[in-house]
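> Pasting the sequence and the predicted model now:
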Amino acid sequence: MESENRKKYWKKNLKYLAILLSIWFLVSFGFGILLVDELNSIRFAGFKLGFWFAQQGAIYVFVILIFVYIRLMNKLDKKFGYNN
Amino acid sequence: MSIQVWTWILVGITFTLYIGIAIRSRAGSTKEFYVAGGGVSPLANGLATAADWMSAASFISMAGLISFNGYDGSVYLMGWTGGYVLLALLLAPYLRKFGKFTVPDFIGDRYYSNVARSVAVFCALLVSFTYVAGQMRGVGLVFSRFLEVDINTGVIIGMIIVLFYAVLGGMKGITYTQVAQYCVLIFAFMVPAIFISIQMTGNPIPQLGFGGADENGVYLLDKLDGLHRELGFAEYTSGSKTTLDVFLITAALMFGTAGLPHVIVRFFTVKKVSDARKSAGWALLLIAILYTTAPAISLFSRTNLIETVSNEKYEKLPEWFSNWEKTGLIKFDDKNKDGRVQYVADVSKNELIVDKDIMVLANPEIAGLPNWVIALVAAGALAAALSTAAGLLLVISASVSHDFIKKMVNPNITEKGELVAARLSAVVAVCVAGYFGIHPPDFVAATVALAFGLAAASFFPAIILGIFDKRMNKEGAILGMVVGILVMLFYMMKFKFDWFGGGSKEDWWFGISPEGFGTIAMTINFIISIIISRFTPSPPNDVQEIVENIRIPSGAGKATH
């Protein structure tokens, strides 16, 4: 029972990691580097979008990702009774 | 009041504060010395981690680097923040659950081998020493420019301060001084940024002023792109590195950040696993404040610099120019003898050389801000350098007294003996760091950036596989680490120090710079570890149980031996 639970918890954890790290990759390596030239044709305020992601946007998303992760994991811990 | 008087006052107040905190939080046990007793709150740990992480390089050099490299400078911004996502999601919670004092502790126990532990100690010392020398140099630079003392005297003053609170307080003293240092450094970084943002764009928030326009309604980024085209430089918003290299350098800095022992060890100081996650979140949020402001400063100072000096008569230049000329960090050579400054991309015609490191320090002067703001920047730079130096010195002393003496040489050493050993090794480490600060070997500047490549090539795969791959055994991990770090050292020495036949930019393998090569060395480490481990025996059952156990957050005891 306990080992079943552990497996389920770990699987769910890995799923969260896969989703969050895909976003991490997309905003930095994707938008900020690989697709930067394409995105630079889009402008808002004084920024070219690709340049903005590389020097601002990616960092904001990073911060949000960690706080989403904290929330998700706290909920998961509670559900499995690992929150002591 | 003059800049110098203001600087003495502000530096005096902040130093008194740090020493006061150190006296209040003396370490009485090894546990307090290594992990601050293991009861630091997530917010305090986040603050301390942010100060620990943001070094003289982040505070003094980074905005200057971006200023001169434009888009290419993004590698530092994304690399040095993106690593925290990896730390928070892949390392911090599990290492906290594991509950030991140091990174070599984890490697040694998880891979049930003192060979693995020794390799980890070697890597930790290599990474930390190259890093700490740069901090001491930063301290010396600030002292010599703003307090007009000799650069060596500056280094020695810095040494004495760090010695005082690192040796006395250990991690406990360092943690609470770092909390204070974060507040000093972020205030010192933001005040001039806000002033200059208002001056140039009318917007008090630098992150928005970054995309703002000047009084004629021209966006600053467009204006600077135009200036760059005129002078023959690469466009500010596009840069000149290849996409592959930008990709690999960013990755090396991210994985290196996640593998740096002085950052990882901070997550051992909180009470439980959920606190480790939380403090990683706080740390990145607090770091992001500086990291999203820095590129705005880069843009402002670059525009200001070009507009102030380009084609200006030499004798009409403002006072800051000659102040920095005296330090040798700005050089003007009137090649065509017209008495004006030609600042252009063409090396044969360019007459001005500006050291990248002075942009943040000179920025308030260039913008004509009041003297107390300039002094504040000096105090902030010192806070950034000292906090990082202290964190690194602690890793060095713990590696020697705990991982080497206690775990390998003399396991029967008493608690008191270990504490004495820890303090002594901290003293020795400070002296060595100070020596390198006064006599910087040529390779220091080059290796600080490469310390990340070394950390990525050695620690990152060993720790990740130790957590996420239960089948990983000592054979795979040790061989992976050894090959990873050797390949990295080889590439670095060949192309940075001209050993093994040397080589120029054209000889780089697939056009990959030594800074970006850490990503390749790390990949090699991963591949070797996985292949070797599949052909050698599984790790023993009790080790597999450790892995099972660190994956579950509950029941994290306090950090133990």
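Now that the structure is in, tell me what you want to look at.

> and the helix ranked longest in chain A, how far from the chain's centre?
In chain A, with assignment by DSSP state H, the single longest helix is helix A:2-25. How far helix A:2-25 lies from its chain's middle: 13 Å, per CA atoms, centre = their mean, to the nearest Å.

> Check stretch B:244-255 too.
16 Å.

> Do you know the pLDDT at residue B:557?
pLDDT recorded at residue B:557 is 57.

> re the thing from before, just the CA atoms of whichever helix or strand comes after the longest helix of chain A, as CSV, please.
Once the chain leaves helix A:2-25, the next helix or strand it forms, by DSSP states H and E, is helix A:36-39. The C-alpha trace of helix A:36-39 is given here as CSV (Å, rounded to 0.1, in the frame of the first residue of the first chain):
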residue,chain,number,x,y,z
VAL,A,36,14.4,35.1,-31.5
ASP,A,37,14.6,36.4,-35.1
GLU,A,38,11.0,35.4,-36.0
LEU,A,39,9.7,36.9,-32.8
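
> Of all the residues in helix A:36-39, which ones are buried?
A:36, A:39 (16 or more other CB atoms under 10 Å in any protein chain shown). Yep, even glycine has a C-beta here, placed from its N, CA and C like the rest.

> which other helices and strands contact that helix?
Helices and strands touching helix A:36-39, by 3 or more CB pairs under 8 Å, 6 or more residues apart in numbering or on different chains; DSSP states H and E, are helix A:49-52.

> Toward the C-terminus, what is the element adjacent to the helix it packs on?
Once the chain leaves helix A:49-52, the next helix or strand it forms, by DSSP H and E, is helix A:58-79.

> Does chain B have contacts with the longest helix of chain A?
Yes. Against chain B, helix A:2-25 shows contacts by CB under 8 Å from any CB of the partner chain at A:6, A:9, A:10, A:13, A:17, A:20, A:21, A:24.

> My read is that the third one contacts residue B:549, right?
No. Taking contact to mean CB atoms under 8 Å, the distance of 11.8 Å between residue A:10 and residue B:549 leaves them out of contact.

> picking up where we left off before, what does the longest helix of chain A rub up against?
Helix A:2-25 has contacts (CB atoms under 8 Å, 6 or more residues apart in numbering or on different chains) with A:61-62, A:65, A:68-69, A:72-73, A:76, A:80, A:82, B:82, B:85, B:89-90, B:548, B:551-552.

> Pull out the buried residues from those.
Among the contacts of helix A:2-25, those buried by neighbour count (16+ other CB under 10 Å) are A:61-62, A:65, A:69, A:72-73, A:76, A:80, A:82, B:82, B:85, B:89-90, B:551-552.

> Please compute how far the lengthiest helix in chain B lies from its chain's middle.
The helix that spans the most residues within chain B, counting by DSSP H, is helix B:151-201. Remark: helix B:151-201 is offset 14 Å from the chain centroid, using CA atoms, centre = their mean.

> Kindly provide the whole-number mean pLDDT of it.
pLDDT averaged over helix B:151-201 gives 87.

> Just after that helix, pick out the following helix or strand.
helix B:206-209.

> List the buried residues for that following helix?
B:206, B:207, B:209.

> Then stretch A:29-37?
For stretch A:29-37, by 16+ other CB under 10 Å, it's A:29, A:30, A:31, A:32, A:33, A:34, A:36.

> Need phi/psi at the residue of the stretch 201-350 of chain B at minimum distance from chain A.
Across the stretch 201-350 of chain B, the shortest distance to chain A (CB to the nearest CB) belongs to residue B:219, at 3.2 Å. Backbone torsions for residue B:219, taken as degrees, to the nearest 10, come to phi -60, psi 140.

> what sits against it?
Shown in contact with residue B:219 (CB under 8 Å, 6+ apart): A:45, A:46, B:211, B:212, B:213.

> filter the residues you listed to the buried ones?
By neighbour count, with 16+ other CB under 10 Å, these hold A:46, B:211, B:212, B:213 as buried.

> In CSV: those residues, plus secondary structure and pLDDT.
Below are the buried ones among the contacts of residue B:219 laid out as CSV (DSSP: H, G, I helix; E, B strand; the rest coil; pLDDT from 0 to 100):
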residue, secondary structure, pLDDT
A:46, coil, 86
B:211, coil, 89
B:212, coil, 87
B:213, strand, 87
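
> Find the pair from the residues you listed with maximum spatial separation.
B:211 and B:213 (8.6 Å; CB to CB).

> what is in contact with the two at once?
Shared contacts of residue B:211 and residue B:213 (CB under 8 Å, 6+ apart): A:46, B:219.

> OK, now which residue of chain A is nearest to chain B?
Closest point on chain A to chain B, by CB to the nearest CB, is residue A:46, at 3.2 Å.

> In contact with that residue, which residues are there?
B:210, B:211, B:212, B:213, B:219, B:220, B:221, B:222.

> now do 7 Å
With contact set as CB atoms under 7 Å, 6 or more residues apart in numbering or on different chains, residue A:46 has these partners: B:211, B:212, B:213, B:219, B:220, B:221, B:222.
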